[in-house]
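# With the sequence up front, the predicted model follows.
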Amino acid sequence: MLSILGLSSCLGSTVSNLFVTSVKLTPANPSIAATETQAFILNVTFADGTTDHENPNDTTWTSDNTAVATIAKTGIATAIAPGTANIGGSFQGNNAHTVLTVTNLTKAAVAAAGDSRTLHVTNPATGQEMTFAANPLNDSITVSSGGDSENVAAAEVSVLPEHGPAWIAIDPSGKFLYVVNHTSESVSAFAIDWKTGALNAVVGSPVRAGAKPWSVEVDPDGAGLSVAHLEDTDISRFRIDPATGALTPEQQ
């Protein structure tokens, strides 16, 4: 009778496959932004309990949606466009799959710190710094600049005819500032001029925000904006025009 090892040596990879009990792709179900890359590893577990991280060059890699993500022979996937793609890895006929999600998130062009009424915003690429502060008693936003940008004296930008500016947010690109006006129950939108430090009202601003709006938050990808309300759990949603910053209410 042939021993198992002897049989394996005689029949080659066909029998050796019997000793593979499972294969698994890591990381499982990752999400990345368009143009980013993700390295995958195929983990192979054998009948004796040992696990190997197979050399990517020994693995056959596939993507079922190359319009969303492609994958190289080295196991590195490149995100092309938002969507999902099933990524497959195969080792000696043993297959594993996982889902790669590509989002339209992009890295923020500016960094913001502060609280609901005051934001200190820095442009890492240029070193420019600007500070925005809500002044509900004056119905205005104070704008000042510093750092490596030109020294611009603090200026008051009115939100009139709206009243009670209290909560502010900036979009990830650093192009637009949004202000919730508590008294007027509205959102004012401004385009930011980083050269002069000016705030210019966006066409169509302000927009009605519903009863007792409390806070405003811009989506990480800058595509939309959410307004929470003081006395209920409803969230008002608005689409942001990426070119102008204008707000359009989403149908709910």
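Noted; the coordinates are in hand. Numbers count the residues shown, from 1 in each chain.
# Let me know the secondary structure of residue 137.
On the three-state scheme (DSSP: H, G, I helix; E, B strand; the rest coil), residue 137 is labelled coil.
# tell me the contacts of it?
Contact analysis of residue 137 by C-beta atoms under 8 Å, 6 or more residues apart in numbering lists nothing. Bear in mind the C-beta positions are built from the backbone N, C-alpha and C, glycine included.
# Flag every buried residue along stretch 167-177.
Using 16 or more other C-beta atoms under 10 Å as the burial criterion, the residues of stretch 167-177 that qualify are 167-177.
# Would you format those as a markdown table with pLDDT and secondary structure included?
Rendered in a markdown table, the data for the buried residues of stretch 167-177 read as follows (pLDDT from 0 to 100; DSSP: H, G, I helix; E, B strand; the rest coil):
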| residue | pLDDT | secondary structure |
| --- | --- | --- |
| 167 | 92 | strand |
| 168 | 93 | strand |
| 169 | 93 | strand |
| 170 | 91 | strand |
| 171 | 90 | coil |
| 172 | 87 | coil |
| 173 | 85 | coil |
| 174 | 88 | coil |
| 175 | 89 | coil |
| 176 | 93 | strand |
| 177 | 95 | strand |
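# Surely residue 24 is in contact with residue 40?
No - under the contact definition of C-beta atoms under 8 Å, residue 24 does not touch residue 40, with a separation of 10.6 Å.
# How many residues are close by residue 165?
Residue 165 has 28 neighbours, counted by other C-beta atoms under 10 Å.
# any idea which of the buried residues of stretch 167-177 is closest to residue 122?
residue 174 (9.1 Å; C-beta to C-beta).
# For residue 198, see how far away the closest one is.
Between residue 174 and residue 198 the distance is 14 Å, computed by C-beta to C-beta, to the nearest Å.
# follow-up on the earlier one: tell me which of residue 24 and residue 40 has more neighbours.
residue 40 (23 against 15).
# and the gap between the more buried one and residue 79?
Distance of residue 40 to residue 79, computed by C-beta to C-beta: 13 Å.
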